[in-house]
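**Student:** dropping a prediction and its sequence here:
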Amino acid sequence: QQQQQQQQQQRVHQKEREGKKWWTPIQRHHRHYVRRKKASRFFLASVTRILDVPYGKKGDTVGMPSHHLLEDEDGSNAPLIAGGVRTKKIAAAMVKVDVYVIGLYFMPKACKKHEREDDVLNAVANDSSIAKTVRLTFVRDVSGASVAKAIAQNIEKKLGSKAESGRNEESERKAKEGLEMFKSMFRNVKIEKGASLTFSADEKGTLTTKLRGKRIGEPIKDGRLCGALFGSWCGPDSVIPEMTEAATSILTQALKVIPSEENGGGGAAA
């Protein structure tokens, strides 16, 4: 029996080395199961404290916490909803490389009001009253400027496409100032392999950025900018679409078992 277990473990490691990703949905009562999905680039939340996320083709992993403290007034310890691996194509070499592993954190019970939305995850991303965090752990050395440029481009696209903003001058000016503050935080910053970068929006639409656990730059109070930032990973034009699809699925399932406030309310989310 011990030999069979060892053989099974070897097969598991072999499958991971071949690039197969494992994901574990959390059920309301922490019942979980493992399902293999060939060539996936995403994973779902785990009940373990640290989830080892494989990336690349050499069997390397990144440890992703199963919970993360939010920047809200309650200091909520939010569960890992979903995550994935961000890849980018290097035009000169015509190859794809892994850049970072990302984890998405928020309290599902705070999202109950969006249960009937057509795109529930995008609604959550753009709701400045819902605290949320994304944690990026880099698997290669990058410059802060390159990270800021890539993310800022996505933010600008989303800010420019939001007709609901009203296009008033004050809103546009505030968004532009916030974006410039965002870019300036990363000037002369080097992000080394293994470093974690977190973006946290509180329930008042204020963005706090931390590198290796230490805040960089000043908090940016702009709900629109927060929505555009989180929309980079949670919106219809997500840079990691498989993760977005997975997160939408697990959030939809979680909301079905979370009681509405008018029906007795409360209840911890899985």
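**Tutor:** Thanks, I have it.
**Student:** in the protein, which residue is most central in space?
**Tutor:** residue 104 (2.9 Å; Cα atoms, centre = their mean).
**Student:** if I look at that residue, how far off is residue 245?
**Tutor:** Here residue 104 is placed at a distance of 13 Å from residue 245 (Cβ to Cβ, to the nearest Å). Placement of C-beta: from N, CA and C, glycine included.
**Student:** ok, now residue 239?
**Tutor:** Residue 239 is 13 Å from residue 245, by Cβ to Cβ.
**Student:** repeat that for residue 168.
**Tutor:** For residue 168, the distance to residue 245 equals 34 Å [Cβ to Cβ].
**Student:** let me see the contact set for residue 56.
**Tutor:** By Cβ atoms under 8 Å, 6 or more residues apart in numbering, the contact list for residue 56 reads 98, 139.
**Student:** strands of the stretch 101-250 of the chain, start to end?
**Tutor:** Ranges of strands within the stretch 101-250 of the chain are 132-138, 142-143, 190-191, 196-201, 206-211, 214-215, 220-221, based on DSSP state E, counting those that start in this stretch.
**Student:** next, format those strands as JSON lines and append distance to residue 176 and mean neighbour count.
**Tutor:** As requested, those are exported to JSON lines (distance: least, Cβ to Cβ, whole Å; neighbours: other Cβ atoms under 10 Å):
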{"stretch": "strand 132-138", "distance to residue 176": "23", "mean neighbour count": "23"}
{"stretch": "strand 142-143", "distance to residue 176": "23", "mean neighbour count": "16"}
{"stretch": "strand 190-191", "distance to residue 176": "25", "mean neighbour count": "16"}
{"stretch": "strand 196-201", "distance to residue 176": "19", "mean neighbour count": "23"}
{"stretch": "strand 206-211", "distance to residue 176": "15", "mean neighbour count": "19"}
{"stretch": "strand 214-215", "distance to residue 176": "23", "mean neighbour count": "10"}
{"stretch": "strand 220-221", "distance to residue 176": "12", "mean neighbour count": "18"}
